[in-house]
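Peer 1: next comes the sequence, and after it the predicted model I'd like to discuss.
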Amino acid sequence: MKRVKFLAITMVMALMIMGVGYAYWQDTITLTSTVKTGEFDVQWKVADCSVDFEASDEYLGADVAQTTAVAEVGANPDELAVTISNLFPGATGTIKLYMENYGTVPSRFQDATFTLVPADGAGSDFNDFFVTKFRYKKNDGVAVFTEINGGAGTEWIPVNSLPGTLSADAGLKAVVLAPVNYAAGNAAGQGMFIEIPFEFANQVNGLAPEVTAEQFEETELVITMNFDFEQWIKN
């Protein structure tokens, strides 16, 4: 009887040892992690829709109060509409447009495409539509203010040449926008801003005599501006 009991106890102990050994070698711990990807979101902003127009010396008698400009960001913050009414030769006005990174990852400028067409299909040469003082401000802790075309505002750039100017090394090429939450603040204008004074071509500005304002009279212009950005990863 004792022998049987001894064997029985031995068998139980063996099972217990095997159980402990099995648990030791096969133990598993599990880590559950949640990964949320970053957001890539560059948006247009408009700081001030009120624009004061001025007339050059040759047009001081013009009623600039009738010239108005409205810049609006619609339901889609990627699209910006600028409407200028009653614009005349010699009139200049500044419209401050802002591009800001409201995502969580840095974004880098790739290229720009502009289209400028008359809504009435007149087919005029709108390469004679010029802009100047085109500049940007990038604020990512240290303010950087850069004039793209010399800074003095004397070099006028045809609209048709503007995309190439922006995409050049001296333009916005490879400019990186940090998310606004990591910049100096969250208000409009704390990221990159673009300032464009508009003016029509005319003889007074030293252009060819055959370039007159008549071809633009009572013409509606539609300007579409596309700026492409990509996610930026520092090497």
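Peer 2: Thanks, I have it.

Peer 1: can you tell me the SS state at Thr165?
Peer 2: Here Thr165 is recorded as helix under DSSP: H, G, I helix; E, B strand; the rest coil.

Peer 1: what is the neighbour count of it?
Peer 2: Around Thr165 there are 18 other residues, counting by other C-beta atoms under 10 Å. For glycine as for every other residue, the C-beta is placed from the backbone atoms N, C-alpha and C.

Peer 1: again with Gly93
Peer 2: Gly93: 18 surrounding residues under other C-beta under 10 Å.

Peer 1: in what helix or strand does it lie?
Peer 2: Assessed by DSSP states H and E, Gly93 sits inside strand 91-101.

Peer 1: so after that strand, what's the next helix or strand?
Peer 2: As assigned by DSSP H and E, the chain's next helix or strand after strand 91-101 is strand 107-118.

Peer 1: what strands line up against the strand holding Gly93, and which way round?
Peer 2: strand 42-46 (antiparallel), strand 53-55 (antiparallel), strand 192-200 (antiparallel) (DSSP bridges).

Peer 1: could the C-alpha coordinates of the first one be exported in CSV?
Peer 2: I take that to be strand 42-46. Extracted as CSV, the C-alpha positions of strand 42-46 are listed here (Å, rounded to 0.1, in the frame of the first residue of the first chain):
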residue,chain,number,x,y,z
VAL,A,42,-1.6,73.4,-45.9
GLN,A,43,-4.3,76.0,-46.1
TRP,A,44,-5.0,79.5,-47.5
LYS,A,45,-5.7,82.3,-45.1
VAL,A,46,-6.6,85.9,-45.7
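
Peer 1: ok, and what's touching it?
Peer 2: With contact meaning C-beta atoms under 8 Å, 6 or more residues apart in numbering, strand 42-46 is reached by 71-73, 77-80, 96-103, 107, 177, 188-189, 227, 229.

Peer 1: one step back: let's test this: mean pLDDT of the strand holding Gly93, rounded?
Peer 2: Averaging pLDDT along strand 91-101 yields 75.

Peer 1: for Ile84, see how far away Asn76 is.
Peer 2: 21 Å (C-beta to C-beta, to the nearest Å).

Peer 1: those two: which has the busier surroundings?
Peer 2: Taking neighbours as other C-beta under 10 Å, Asn76 and Ile84 compare with Ile84 leading, 19 against 9.

Peer 1: in a strand, the more buried one, correct?
Peer 2: Yes. Assessed with three-state DSSP, Ile84 lies in a strand.

Peer 1: and the nearest residue to it once chain neighbours are set aside, which of the three is it?
Peer 2: Excluding the flanking residues, the one nearest Ile84 by C-beta to C-beta, 6 or more residues apart in numbering is Ala69, at 4.7 Å. Of the three states, Ala69 takes strand according to three-state DSSP.
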